[in-house]
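Colleague: just the structure for this:
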Amino acid sequence: MLGTVNFGTGLSKEHSFEMMDYYFAKGGNTFDTARAYCGWIKGGEFKSEETLGQWVKERNVRDKVIIITKGGHPSFEDPLFKPRLSEEEIRYDMEVSLKTLQMDYVDLYLLHRDDESRPVSEIVDTLDRLVKEGKTRYVGVSNWTVSRIIEANKYAKENNKVEICSSEIQWSLAECFPRTFNDETLICMNKEIYDEYMKLDMPILAYSSQAGGVFSCGYNRRLEDIAPKHMKYLSVENVIRYGKLLDLCEKKKYEPSSAALQYITENKLKAAAIIGASKMEQLMESMKAAESLLTEDEIAELV
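Modeller: Numbering: from 1, shown residues only. Sure thing, here's the model as predicted:
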């Protein structure tokens with residue numbers, strides 16, 4: 001899946017269109033955006049959805065692509081980062097997204113965060129109404145715990161409501177923690193959560209699937225020359241994983257970037273990797289990941 005977080009801000013409209021054209025020409029058809037992108041940048045609010053929507057309209061490909069967007073993100077202007085998951089707030093975000101995207105519906109609508117103080121039944125009821133009204137085909141969540149997803153779908157089944165069909169969380173070969181991103185509302189994959197998803201048998205959408213490229217920058221084996229932007233990934237565990245990745249790539253003649261992506265796409269756990277790039281060369285390299293496959297045993301060796 002192609003992540004569009006920087007489209008229209010970090011990447012110009014022209015550069016963004018070039019990337020989407022290339023991705024689409026290579027057979028890619030799924031785009032991940034959100035109303036909150038890039039609200040943390042002055043003048044960046046709505047730019048991702050706006051740029052994606054313009055491309056879809058100008059290329060006349062709405063019936064050939066899958067559009068994922070997200071709502072319910074706390075306001076960046078709110079120092080308390082208060083949840084925004086009332087029906088009124090969710091509906092507002094949905095309507096703004098559809099208007100910005102210039103679309104009548106999206107294929108998958110995700111709630112960007114949870115509010116565990118709010119009854120999950122209330123949230124499911126709101127999502128159910130959005131599906132029945134034709135504003136989205138399916139619904140999912142992002143940065144929710146597995147226990148809340150199970151609770152939501154139990155209520156949905158018992159009351160003939162739409163179920164959560166997928167979950168988007170931070171997952172890559174690199175170990176990470178919410179505290180290193182200064183956001184305790186994030187959900188980062190770990191062994192416990194992985195085992196829970198294996199039991200749940202729910203597809204995962206892995207954001208930050210390349211960990212910002214930390215394993216494909218050519219750092220030395222001990223990550224002693226790691227750049228400041230990647231310091232949040234510096235840990236003993238990631239030094240070990242990086243060494244295993246380099247050994248595997250040397251043996252199989254793979255590029256680290258491709259092997260790191262395949263850790264997600266060829267994993268036992270059903271998952272899609274959301275890829276991002278700031279340069280065309282990076283996107284081209286990521287798309288090559290489908291050309292060679294890691295075995296299940298090789299994937300298991302990396303962690």
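
Colleague: phi and psi next, for Ser244.
Modeller: Ser isn't right for residue 244; it's Lys. Note on Lys244: backbone dihedrals following degrees, to the nearest 10 are phi -60, psi -40.

Colleague: how close does the closest residue to it other than its chain neighbours get to Thr51?
Modeller: Using CB to CB, 6 or more residues apart in numbering and skipping residues adjacent in sequence, the residue nearest Lys244 is Leu302, 5.2 Å away. No exception for glycine: its C-beta is placed from N, CA and C like everyone else's. For Leu302, the distance to Thr51 equals 35 Å [CB to CB, to the nearest Å].

Colleague: distance of Leu186 relative to Pro178?
Modeller: In this view, Leu186 and Pro178 are 4 Å apart by CB to CB.

Colleague: give me the more crowded residue out of these two.
Modeller: Taking neighbours as other CB atoms under 10 Å, Leu186 and Pro178 compare with Leu186 leading, 19 against 14.

Colleague: and that one, how far from Asp114?
Modeller: Using CB to CB, Leu186 is found at 11 Å from Asp114.

Colleague: what's the overlap in contacts for those two?
Modeller: Shared between the contact lists of Leu186 and Asp114 (criterion: CB atoms under 8 Å, 6 or more residues apart in numbering) are residues Asn143.

Colleague: per-residue pLDDT, the spatially most central residue of the chain?
Modeller: In the chain, the centroid-proximal residue (CA atoms, centre = their mean) is Tyr207; its distance is 3.0 Å. Per-residue pLDDT puts Tyr207 at 96.

Colleague: for the most far-flung residue of the chain relative to its centre, what are its contacts?
Modeller: Computed with CA atoms, centre = their mean, the residue of the chain farthest from its C-alpha average is Lys251, at 30.3 Å. Residues in contact with Lys251 (CB under 8 Å, 6+ apart): none are found.

Colleague: list the beta-bridge partners for the residue nearest to the centre of the chain.
Modeller: Beta bridges link Tyr207 to Gln170, judged by DSSP bridges.

Colleague: thinking again about what came up before, okay, Leu302 and Thr51: which has more neighbours?
Modeller: Thr51 (26 against 19).

Colleague: wait, is that one part of a helix?
Modeller: Yes. Counting by DSSP: H, G, I helix; E, B strand; the rest coil, Thr51 is found in a helix.

Colleague: residues in contact with it?
Modeller: Under the criterion of CB under 8 Å, 6+ apart, the neighbours of Thr51 are 4, 7-8, 13, 16-17.

Colleague: hmm, try it at 10 Å
Modeller: Residues in contact with Thr51 (CB atoms under 10 Å, 6 or more residues apart in numbering) are 4, 6-9, 11-13, 15-17, 20, 33, 37, 100-101.

Colleague: not counting its neighbours along the chain, what's nearest it?
Modeller: Thr51 sits nearest to Gly8 (CB to CB, 6+ apart), 3.7 Å away.

Colleague: now that neighbour. Its backbone dihedrals?
Modeller: Torsion angles, degrees, to the nearest 10, at Gly8: phi 90, psi -10.

Colleague: again with Ile275
Modeller: Main-chain torsions, Ile275, degrees, to the nearest 10: phi -100, psi 150.

Colleague: give me the pLDDT for the residue nearest to it when sequence neighbours are not counted.
Modeller: Excluding its sequence neighbours, the residue lying closest to Ile275 (CB to CB, 6+ apart) is Ser286, at 4.5 Å. On the pLDDT scale, Ser286 is placed at 90.
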